[in-house]
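give me the fold of what follows.
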Amino acid sequence: MKYWTFLGATFVTASALLAGCGDSDKPGGAQQASPASQAKPDQAAEEQQRVEKYNTYVDVSNNLRTSFQQARAEYVAQQVPLLEAKAPLTSLRIQNDILIDRSAKKLDAAAAIAAPLPEIDASAQAFSAALKVLSPLSRELNDYANSKGYLADNGDKARRLNKDYLAALTGVATAEAAFDDGLSARDQALTREAFEKAPKDSAAYYRAGLIYHGKLNHNDANALFESPNDPQALAAFEASLALVADSAAGWSRTMSEQSAKSGARCDGGMLQINEFIGQSRSMVKDIKDGVFKRKETGAMARLPAHMRSSSIVNSANRYNQNFANMIGQFNHPTC
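Residues are numbered from 1 along each chain as shown. This is a model prediction of the structure:
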């Protein structure tokens, strides 16, 4: 769960509802709604469409547990050397095949919604187009891998399709990165707006603070995983984590106060929040203790930094899962 979905509400203003209630016995009958009163429900409907489109984009990204960028990096590091070798192929892994057509379909559905999202629309369309190029190649290689066709032809088919598949996968990874950049920009703007507009020291304020500061921390975490021994990256991560912890303390307090008033206990997902903060603090300690300073060699050294050391991989995976759990429980509150 990388992004937070937003709720929208279509409403009709009172002036629009009352516009037709004039004196019907006057010439011309019922009065016509003014252009201004007509514009308000139209604007609300467009905003509702914009929310729907944004949430569809979010759904595409959140459902990609393994990004195409990561899938490409792993294919290049793990599969390409085997395909370039002369030895018979004994294994083959093709990732995300089932999500290619599904993601393209959702992107196209979002594109059909008229309300514009200029930060995302163009990159989403390019992402969909790239997925459609990859789809037939991925399906063919995925069927080949699952049926272990490489044991019948020693990997000849995989080697023959490798160049085209890698080119298509690279195109998808590039398009996905641009799509994520646009989605992240709008997501951060929306979460910041929600935080800044919420009444200070309210449950809504601390809830929005957890989401906004959590996303800032997630950005800092990505930089930290790329350069785990960079003091500046670590300092930025610690600073945003402290903001998350402050929001968590306020959220816990307001949840306790609300529970005391209502008589119905609700911890507001503090289990997931504390797990996220606790594991993040443990990761900071590991970095300061030098756990991530081990050098990688061979094929492992060609991977991005966050995929090289098993300790970094494990920490990154735990962090991302805990982050997803924290953000996800706000998308689906239980109380």
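
show me where the stretch 1-150 of the chain has helices.
Under the criterion DSSP state H, counting those that start in this stretch, the stretch 1-150 of the chain contains helices at 14-18, 35-62, 68-74, 80-84, 97-111, 121-146, 150-153.

what's the closest of these to N314?
N314 lies closest, by C-beta to C-beta, to one member of the helices of the stretch 1-150 of the chain: helix 68-74, at 15.2 Å. From N, CA and C alone the C-beta is placed, and that goes for glycine too.

quick one: that closest one to chain centroid distance?
Offset of helix 68-74 from its chain centre (C-alpha atoms, centre = their mean, to the nearest Å): 16 Å.

ditto for stretch 129-141
Stretch 129-141 sits 22 Å away from the centroid of its parent chain (C-alpha atoms, centre = their mean).

now that stretch: buried residues?
Buried positions in stretch 129-141, judged by neighbour count with 16 or more other C-beta atoms under 10 Å: 130-135, 137-138, 140-141.

ok, back up a step: can you lay out the helices of the stretch 1-150 of the chain as a markdown table showing mean pLDDT and distance to L210?
Below are the helices of the stretch 1-150 of the chain laid out as a markdown table (pLDDT from 0 to 100; distance: least, C-beta to C-beta, whole Å):
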| stretch | mean pLDDT | distance to L210 |
| --- | --- | --- |
| helix 14-18 | 26 | 35 |
| helix 35-62 | 82 | 18 |
| helix 68-74 | 95 | 26 |
| helix 80-84 | 96 | 41 |
| helix 97-111 | 97 | 27 |
| helix 121-146 | 98 | 28 |
| helix 150-153 | 98 | 48 |
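
in JSON lines: these, plus distance to A177.
Shown next, in JSON lines, are the helices of the stretch 1-150 of the chain (distance: least, C-beta to C-beta, whole Å):
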{"stretch": "helix 14-18", "distance to A177": "43"}
{"stretch": "helix 35-62", "distance to A177": "11"}
{"stretch": "helix 68-74", "distance to A177": "6"}
{"stretch": "helix 80-84", "distance to A177": "20"}
{"stretch": "helix 97-111", "distance to A177": "14"}
{"stretch": "helix 121-146", "distance to A177": "9"}
{"stretch": "helix 150-153", "distance to A177": "30"}
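
closest to G269 out of these?
Nearest to G269, of all these, is helix 35-62, at 17.3 Å by C-beta to C-beta.

give me the angle between the closest one and helix 121-146.
30 degrees (axes from the mean of the first three to the mean of the last three C-alpha atoms, to 10 degrees).

what packs against helix 35-62?
With contacts defined as 3 or more C-beta pairs under 8 Å, 6 or more residues apart in numbering; DSSP states H and E, helix 35-62 has these neighbours: helix 14-18, helix 97-111, helix 156-197.
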